[in-house]
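Trainee: here is the input, now give the coordinates:
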Amino acid sequence: MRRKAYVPGVAALLAALLAGCTGGSADGGPETDSKGSDTGTVAPARPGKYRTLPEACSAVSQDTLDTLLPGIEQIADEKQREKAYAGEATPTYDTDRRDGCRWKVESTSASDRLLVDFERVASYDNTVSDDNKAREIYAGKETAADLPEPAGSGSASGPTAGSGTGAPGSDASASSTPSTPSSPSSSPSSSSSSSASASAPSGPSASASVTPADLQPRTLDDVGDEAFLDDRLSTAATARARTVTVVFRTSNVIVTIEYAEQPTASTEAPDSKEMQDRARKLAQKLADTLDG
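Mentor: Now for the predicted structure:
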């Protein structure tokens, strides 16, 4: 009886030892799985360069505000002038993720508005870096701006760009002017020029509605990692408001500048080149602030 009990015990011990040596092949091979899991892990994407944001209301110097908002120096009351320089912070839940500021100044000749908005992009996908996520968001903004094709002919794209790229109703008004020469006429050059002058708006608004090629909405090469500029002119018959927008990306931060002016006592459109130059200079200063 003792020998019969001993033999099965030895056999069971040998079976257990053999199972341990074979590395658990019966349950799917844990050694193979562990190696597979090591090679399958993906290192998280690199975080963005910026972890915080500048304070938007302090990012624009007083000298720059004097240039962008000419009426600010005309404010007689000192407290009101200081308040105008300080700006108004836009609502935000986390100033390390988004921070913005607005300025608005009324003068005897025009109403000027300025918006500066900083957005720090953070990706919650370990396979997508903060920079790539910011690049994706910036691309969406540029697509939404519907910029005209670069190096386009001035006859087709000029009026559309001057009156506001993609603005509803502006295409119709812009296309009606060049279509007048196709109306019944004998087609001499003199008659075409006279019909064009008759159909064109009188005064400076006519020249303002046709934007030169170098002032049309476009991408910019000298601001941040990538940037674009949009220039929109309202089609109102009275005061012509112009809004110049510059959006640029630096690493995982996207900066938006909106600069608008509306004359109060004139139908003349605000100067496109002057406003674009001011907005671009501000963009370059903000990009330097981020890099510094």
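Trainee: what segments of this protein are helices?
Mentor: When secondary structure is read from DSSP state H, the chain shows helices at 2-21, 30-40, 56-59, 62-68, 78-86, 130-145, 154-162, 170-179, 189-199, 204-209, 272-291.
Trainee: where in the stretch 151-292 of the chain is pLDDT low?
Mentor: 151-211, 236-238 (pLDDT under 70).
Trainee: can you report phi and psi for the closest residue in space to Ala45 that isn't next to it in sequence?
Mentor: In space, not counting the residues next to it along the chain, Ala45 is nearest to Ser129; the distance is 3.8 Å by C-beta to C-beta, 6 or more residues apart in numbering. Yep, even glycine has a C-beta here, placed from its N, CA and C like the rest. The main-chain torsion angles of Ser129 are listed as degrees, to the nearest 10 and equal phi -70, psi 160.
Trainee: need the contact list for Ser129.
Mentor: Ser129 sits next to Ala45, Arg46, Pro47, Gly48, Ser123 when contact means C-beta atoms under 8 Å, 6 or more residues apart in numbering.
Trainee: if we use 10 Å, what do you get?
Mentor: Shown in contact with Ser129 (C-beta atoms under 10 Å, 6 or more residues apart in numbering): Pro44, Ala45, Arg46, Pro47, Gly48, Val121, Ser123, Arg135, Ser251, Asn252.
Trainee: tell me the one among those residues nearest to Lys83.
Mentor: For Lys83, the nearest member of the contacts of Ser129 is Val121. The distance, counting by C-beta to C-beta, is 31.9 Å.
Trainee: for the closest one, give its distance to Glu261.
Mentor: In this structure, Val121 and Glu261 are separated by 30 Å, where distance is defined by C-beta to C-beta, to the nearest Å.
Trainee: still on that earlier bit, format the contacts of Ser129 as a markdown table; extra columns: distance to Met275.
Mentor: Listed next are the contacts of Ser129 as a markdown table, based on distance: C-beta to C-beta, whole Å:
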| residue | distance to Met275 |
| --- | --- |
| Pro44 | 43 |
| Ala45 | 39 |
| Arg46 | 38 |
| Pro47 | 37 |
| Gly48 | 31 |
| Val121 | 28 |
| Ser123 | 35 |
| Arg135 | 28 |
| Ser251 | 28 |
| Asn252 | 29 |
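Trainee: buried ones among the residues you listed?
Mentor: Members of the contacts of Ser129 that pass the buried threshold by neighbour count (16 or more other C-beta atoms under 10 Å) are listed as Ala45, Gly48, Val121, Ser123, Arg135, Ser251, Asn252.
Trainee: reformat those residues as a markdown table; add distance to Arg278.
Mentor: As requested, these are arranged in a markdown table below (distance: C-beta to C-beta, whole Å):
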| residue | distance to Arg278 |
| --- | --- |
| Ala45 | 37 |
| Gly48 | 29 |
| Val121 | 27 |
| Ser123 | 34 |
| Arg135 | 27 |
| Ser251 | 25 |
| Asn252 | 27 |
